[in-house]
Structure formats: structure tokens, C-alpha cells
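In: Okay, here's the prediction I keep looking at, along with the sequence it came from:
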Amino acid sequence: MCRYHSKQIIIVPNILEVHQLYRKFQSGTKTLTVVNDINFSIPEGISCAIVGPSGSGKTTLLGLCAGLDRPTSGSVSLNGIPLNPLNEDERAQVRNQHVGFIFQTFQLVPTLTALENVMVPLELRGEGTKEVREHARELLESVGLGDRTHHYPAQLSGGEQQRVAVARAFINEPRILFADEPTGNLDTETGEHIEDLIFALNEKQGTTLIMVTHDLELAKKCDRIIKLKNGQVFEDSAVEPEPEAAVK
């Protein structure tokens, strides 16, 4: 992808490339095609919302892009790494090195404190150091939970749990962040606060954001919107900018 800025052509590499992607499931004697010949590329550093009605394939597509699931056919390349040839352990390593996640249901470990939950991605790398603990503490401060570091998930409200999840998603400084309905289980006011946190941290770290949402107002905050219907892309707001006339 090219961007035109100050009369210079800037080449922006694609961090995610999806080519002829299909995901089919067998239901009795029927074959259900949930993701149907999807193609797109996401340049580094942008935010992109994937929207569509329930059952349109949004979450399935997100899982395929993140390497959580394998396509029936087609290919996904994440940060220049083709995912298809990788086994499960190798794909898990790619996710740990390059990817952050925020889920609708928080997915916190109930037996770990807020601080310990945030540290998990780096501890999986074998980096459970004093510096990691301090970094986790700083992230919890940045999401307004500096006084809740030693509380367990059951002692936190839904909004507080999602703030812990946001801090955890950013601790490994991911190149790309996948968010699946990150405000779906929250009230409107709390959800808006979580949205602001995600976009603020995303901009600060320069992360690419791919977000599945049914909230069109949230989607409009993103640089790009991909709309799905019946497992296919039926609208994509990505538009290449026109080059300046007479660039010299």
C-alpha cells in the first residue's frame, strides 16, 4: 500500500494478508461455508473494524487471521509469516511474539491477581522478571487500576476486568491487536471508556488494530471498515488516496 504525504510516496507494508480464505464446517449431511472466498490486506499501523450481522462469519474470520483456527482453504500471512505451514506450537509462538488479544468475555485466569494476569504473555516467554512486573504495574496504572493490582478477577467489576485484559493485551508490545467485541458485555458508559483506552494505547504503541464489533459507532472510529454478509465481504471502506498532481 502507498500513502502520499508531503509530496513523498511512503510504502506501508501489509501486516496481515488474507487470500481466497474459506472455512467450512460439516453439520450432519450439510456443509456450512462460514467464511467464503475472503481477500484483503491490512497495512501496518491502521485500525480496522470487521462488522456484520450475527452469523456473518466475523469471529470465525478473526480466529483465522490470528491463527487460532485453520482455514479449509486459502492462506493467511501475519507480519510476513505464512500461517498455513505452521503447526499448533509454531502458531502459538507467532501469537506470543507478535499478537495481542482482547475478548468479549475477558478470559482472565481466576486464580491470578490482576498484576499476574497482565504478566502472563511475557511469563510464557520465560520473562517473569522484576522489570516485567514493573511494566505490568505501569500498564495497570495507565488503565486506572493502580490500586487494584493484587485483586483477583472475582473481586473486580466487568469494566475493571476488561481493563486488566486491555493491559495484558499490550504488555508484549504486539505488532497487531485482535479485539473480539471488546465492549459487548459492558454498559454504554463503561464500554466507551474501554474504547478510549484501547485507541489511546494502540496509538501510543503504534499497533495495528483489527476489531470485530456489531457497534457501528465504534466501527466508525476505525480507519477502515470491512462489512461481512453471509461469510463474504460485501463492502470495504479502504480507498487508495489519489497521488498529488504534479509531484516533483
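Out: Yep, that arrived. Here the structure is a predicted model, which means the values were calculated and not measured. Numbering: from 1, shown residues only.
In: quick one: low-confidence ranges for this structure?
Out: Applying pLDDT under 70 to the chain picks out residues 1-12, 128, 239-248.
In: Now do the contacts for residue 202.
Out: 47, 177, 209 (Cβ atoms under 8 Å, 6 or more residues apart in numbering). Every C-beta, even on glycine, is put in place using the N, C-alpha and C of the backbone.
In: one more time with 6 Å, if that's ok
Out: Residues near residue 202 by Cβ atoms under 6 Å, 6 or more residues apart in numbering: residue 209.
In: Confirm that it sits in a helix.
Out: Yes: counting by DSSP: H, G, I helix; E, B strand; the rest coil, residue 202 is found in a helix.
In: in this structure, which spans are helices?
Out: Secondary structure of the chain (DSSP state H): helices at 58-65, 88-98, 114-123, 130-142, 158-170, 188-205, 216-219.
In: Those helices: which one's closest to residue 233?
Out: The minimum distance between residue 233 and the helices of the chain falls on helix 58-65, with 9.3 Å, by Cβ to Cβ.
In: Show me what the closest one is in contact with.
Out: 23, 34, 35, 50, 52, 69, 71, 76, 178, 180, 212, 228.
In: Present those as JSON lines; the columns should include distance to residue 164 and neighbour count.
Out: As requested, the contacts of helix 58-65 are exported to JSON lines (distance: Cβ to Cβ, whole Å; neighbours: other Cβ atoms under 10 Å):
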{"residue": "23", "distance to residue 164": "31", "neighbour count": "22"}
{"residue": "34", "distance to residue 164": "31", "neighbour count": "19"}
{"residue": "35", "distance to residue 164": "31", "neighbour count": "24"}
{"residue": "50", "distance to residue 164": "24", "neighbour count": "27"}
{"residue": "52", "distance to residue 164": "29", "neighbour count": "22"}
{"residue": "69", "distance to residue 164": "25", "neighbour count": "16"}
{"residue": "71", "distance to residue 164": "32", "neighbour count": "23"}
{"residue": "76", "distance to residue 164": "29", "neighbour count": "21"}
{"residue": "178", "distance to residue 164": "17", "neighbour count": "26"}
{"residue": "180", "distance to residue 164": "16", "neighbour count": "21"}
{"residue": "212", "distance to residue 164": "20", "neighbour count": "25"}
{"residue": "228", "distance to residue 164": "30", "neighbour count": "23"}
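In: any chance of the residues you listed in CSV, plus distance to residue 219?
Out: Converted to CSV, the contacts of helix 58-65 look like this (distance: Cβ to Cβ, whole Å):
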residue, distance to residue 219
23, 22
34, 21
35, 19
50, 8
52, 10
69, 23
71, 24
76, 22
178, 15
180, 14
212, 10
228, 12
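In: Mind checking which residue lies nearest the centre of the protein?
Out: Central residue of the chain (Cα atoms, centre = their mean): residue 178, 1.0 Å from the mean position.
In: For residue 126, see how far away it is.
Out: 24 Å (Cβ to Cβ, to the nearest Å).
In: For residue 54, which non-adjacent residue is spatially closest?
Out: residue 214 (7.5 Å; Cβ to Cβ, 6 or more residues apart in numbering).
In: For residue 115, see how far away the one you found is.
Out: Residue 214 is 32 Å from residue 115, where distance means Cβ to Cβ.
In: With neighbour numbers in mind, choose between the two.
Out: Using other Cβ atoms under 10 Å as the criterion, residue 214 and residue 115 rank with residue 115 on top: 19 against 14.
In: residue contacts, the more buried one?
Out: 136, 149.
In: Against residue 124, how distant is it?
Out: 16 Å.
In: Out of the contacts of helix 58-65, which is nearest to residue 95?
Out: Nearest member of those to residue 95, counting by Cβ to Cβ, is residue 178, at 9.3 Å.
In: Surely the closest one touches residue 209?
Out: No: contact criterion Cβ atoms under 6 Å: residue 178 and residue 209 do not qualify, at 8.4 Å.
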